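Trainee: based on what follows, work out the 3D shape:
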Amino acid sequence: MSYIKNVVKSDGGLVDFDADKLNHMAEWGSNVGICWSSLVLDAMKKVTDGCTTADIQNALIDSCAEKSTPEHLAMAARLFVGSLYKKVHGGFNMRPHLYDFYHDMIVKGVWEEMSYDASDLEMLNDFVDHDKDIDYAYSTVKQISSKYAKKFEGVVCETPQFTFIGIAMKVMENQPTDRRLDDVIKLYNYLSDLKINAPTPFLAGLRTNFKGYASCAVMKADDTAESLGILVDNAYTMTIASAGIGSTMNCRSLGDPVRGGAITHTGKIPYYRYLEGAVKSTKQSTRGGSSTTHYTILDPEIEDLLRLKHPTTVVDKQVRGLDYSVGVNRYFAEKASNGQEWMLCSEFFAPEVYEAMFKGYSEFKVAYNKYLLSGKPKKMVDAKELLLTIMKQRQDTGRVYIHWLDEMNHHTPFKESIYSSNLCKEIHLPTKGFKKKSERDSEVLNDLYGEIALCFLSSIVAGRVSETEYEDVAYYTALMIDNVIDIMEYPFKNLELTAKARRSIGIGVTNLAHDLAKQGLSYSSLEGKNYMHRHAEMHSYFVHKASLRLAKEKGVCEWITKTKYPDGWLPIDTYNKNVDTVHTQGLRYDWEGLRKEVTVVGGLRNSVLEASPPCESSSLASQTTNCIYPIRDKYVTKKSGTTKVIFGAPDVETLESSYEIAWDIPTRDLIDTYAIFQKFHGQGISSDLYTDFSKFADEKVPSSKLFDDFFYSTKMGLKAWYYQNSKGGISKEKPQQPVEGTLLLQEGEDEGCESCKM
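Mentor: Numbers count the residues shown, from 1 in each chain. The predicted structure is shown next:
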């Protein structure tokens, strides 16, 4: 044990070390029945003479957290909150009045000034319950403090309840005066009771002068040098604004003619490198930005594109700083299933085939076979071998994503084509390619660039919101996001125009694994699937009711006629009917009554409503399991930048035997889960899959298993696959070195952009 004689206080003064103070702090924190003396001894081994009092406090907290038991994590949380309150306020009994705190934050330049007077702040102060901080999990208080709480001169100056009330005040600032304070209180309670999971841009930005709140930006470039350059410029700008990027670069393929054949095209890889430089050049908090780039299964360069992230690919053909998603459809699945050939063709020669890719099965089949019989350039490959390449690259890197373009464009409220998705694969929004200057000068709509799709996210916490209060929680979640659309500052005028005209939002479900464990249900059982169907329906129904209420209060969005809602569309109309083979649960809500109301009003306030983001980062702040995913382990270490947090599954001490581990759930049952929620989702789900290599002979996943996963997902109407998580030793299919994506996610890394991780 280190011998400590002197310590440095917070004011810089050197004083004698007082062991009694350390013992008193440990005893105070151990009210959960832990023997604290051994923890003190362990903490003393971590520090040296002349350390700060904060170093000693942190060492004691770390000693608790490292034990990774519910009791030790509870003690770590209590100690952390005590240390935080002392640092920020001087102690629990010195918590300031909201009026004083608010004005102090304004003077320091940490919060922006809002239109609340002294009487407003007096009333709101009565509802701020700082004692909630004591009941939060260690991961929650640490994540909020380290990632979302505001700092002054590098030192945290907020405690969690001030963070939540500040967000609520800003979101509701422009509400009608006769209801404004009630709305602030309602939203504050839902946020601080951890019933609404807000995304990183909201948690970090609302109440401050930073106004970039969009989680995602989705953009498309057409096949011109100017359009491609504008996309890269926009990706750079939106990365600075903290958004994750989803991109489609529809440039010519390698060898295609340029300027009438005077030169040949260099293909997509040089443009991908250009995009990579743009999104990685500026940091979002602690890491560079991120983009997922999309291409289709028709692309003649696909065999090279599939290998861009693989560490064994030759350096000249690597672009590892981006993620990639390949667009497929049911016709390709049929060709692969039947062992037939598949046609590769360039969009330059076959634009009609590519456009049909974003339509239905019959329309694509006609366009495909018409081009197949033409004398235009094409290349034939074995469809099954191509699919196997996709699946193996996905297993090796964890980061070859898949999106089903026909399902995305069928099961959607949008009438326009959806070409791609966002970073996390759950946002499916129409975009327009950037035009030549001569073509856009005369346009009022997109006088600068074209249409970039933006989406604003949040999630509702399963298991914490009863059926009787779900409608109200859904309303305040939708109201929060709708108001954020109005107060955000947009980098470009056309972004503001289209965001406010469409008002696209994505409200998801998170904490499903915890909810199922509390109910004693499993992902694999019929009872569990029926329960998930009930929850998915309830969520969608009340989110629709929320947008309908907003439409009655504020009006339908300007571009609602670009959706099917005025015609009476609902998600129950276009879902893949194969979903209904895996459950026996009937519909429980009055969808026909809702349909009638929506058509009478002329639509909804928002063009699209449901999407389930991964919630990797904000799950720590809301003390939840991620998204609708099963847990990877009962305790995981999650990293976000320089912060490391030990996260225990909620109530693991009492529900340990009820939790299912992701690696143990059959993939088909997990696909069923996504399909059930997808039935009621106008957008998509960040659908992760999991592979435990130790369960296979020689740690090699059979190709039959890979094919089955793909064909079954196609059958069940999934819109996208996100990460392929891996566990176990390096398989013989995998390169003999660590692979980014799989191993990082296995350890719970917060990989990707800051915003899309919610």
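Trainee: in the stretch 301-450 of the chain, where is pLDDT below threshold?
Mentor: Along the stretch 301-450 of the chain, segments meeting pLDDT under 70 span 436-449.
Trainee: same check on the stretch 1-150 of the chain?
Mentor: For the stretch 1-150 of the chain, counting by pLDDT under 70, the residues that fall below are 1-2, 32.
Trainee: residues in contact with the closest residue to Phe677 other than its chain neighbours?
Mentor: In space, and not counting its chain neighbours, Phe677 is closest to Ala536: 4.6 Å by CB to CB, 6 or more residues apart in numbering. Bear in mind the C-beta positions are built from the backbone N, C-alpha and C, glycine included. Applying CB atoms under 8 Å, 6 or more residues apart in numbering, we find Ala536 in contact with 509, 676-677, 679-681.
Trainee: can you give me the strands in the stretch 601-750 of the chain?
Mentor: Under the criterion DSSP state E, counting those that start in this stretch, the stretch 601-750 of the chain carries strands at the ranges 635-640, 643-648, 689-692, 720-721, 724-727.
Trainee: pretty sure Phe677 contacts Val509?
Mentor: Yes: between Phe677 and Val509 there is a contact under CB atoms under 8 Å: 6.9 Å.
Trainee: what do the two both touch?
Mentor: Common neighbours of Phe677 and Val509 (CB under 8 Å, 6+ apart) are 536, 612, 628.
Trainee: export these to a markdown table and tack on pLDDT and distance to Thr691?
Mentor: Output for the shared contacts of Phe677 and Val509, formatted as a markdown table (pLDDT from 0 to 100; distance: CB to CB, whole Å):
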| residue | pLDDT | distance to Thr691 |
| --- | --- | --- |
| Ala536 | 98 | 26 |
| Ser612 | 94 | 21 |
| Ile628 | 97 | 19 |
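Trainee: of the residues you listed, which is the nearest to Ala217?
Mentor: Comparing the shared contacts of Phe677 and Val509 against Ala217 with CB to CB places Ser612 closest, at 19.0 Å.
Trainee: who's in contact with that closest one?
Mentor: By CB under 8 Å, 6+ apart, Ser612 lies in contact with 426, 459, 506, 508-510, 627-628, 677, 681, 684-686.
Trainee: repeat that for Asp382.
Mentor: Applying CB under 8 Å, 6+ apart, we find Asp382 in contact with 339, 341-342.
Trainee: check Pro566 too.
Mentor: By CB under 8 Å, 6+ apart, Pro566 lies in contact with 556, 560, 598-599, 602-603.
Trainee: go again using 7 Å as the cut-off
Mentor: Residues in contact with Pro566 (CB atoms under 7 Å, 6 or more residues apart in numbering) are 560, 599, 602-603.
Trainee: in helices, which of the residues you listed fall?
Mentor: Thr599 (DSSP state H).
Trainee: show me which of the contacts of Pro566 are buried.
Mentor: Applying 16 or more other CB atoms under 10 Å to the contacts of Pro566, the neighbour count classes 560, 603 as buried.
Trainee: among the contacts of Pro566, which pair sits farthest apart?
Mentor: The largest separation in these, counting by CB to CB, is between Ile560 and Thr599 at 11.5 Å.
Trainee: if we can go back for a sec, among the contacts of Asp382, who's most crowded?
Mentor: Counting neighbours by other CB atoms under 10 Å, Trp342 leads these with 21 neighbours.
Trainee: I'd say Lys335 and Asn329 touch.
Mentor: No: between Lys335 and Asn329 there is no contact under CB atoms under 7 Å: 10.1 Å.
Trainee: look at those two and report which has more neighbours.
Mentor: Of the pair Lys335 and Asn329, Asn329 is the one with more neighbours under other CB under 10 Å, namely 27 against 20.
Trainee: in the helix or strand hosting Leu454, which residues are buried?
Mentor: Assessed by DSSP states H and E, Leu454 sits inside strand 453-461. Residues of strand 453-461 classed as buried by neighbour count (16+ other CB under 10 Å): 453-461.
Trainee: show me what contacts Ser227?
Mentor: Applying CB under 7 Å, 6+ apart, the residues contacting Ser227 are 221, 433-434.
Trainee: which segments of the protein make up each domain?
Mentor: 6-91, 216-440 (automatic domain parsing).
Trainee: give me the distance between the two termini of the shortest one.
Mentor: The distance separating the two terminal residues of domain 6-91, taken as CA to CA, to the nearest Å, comes to 23 Å.
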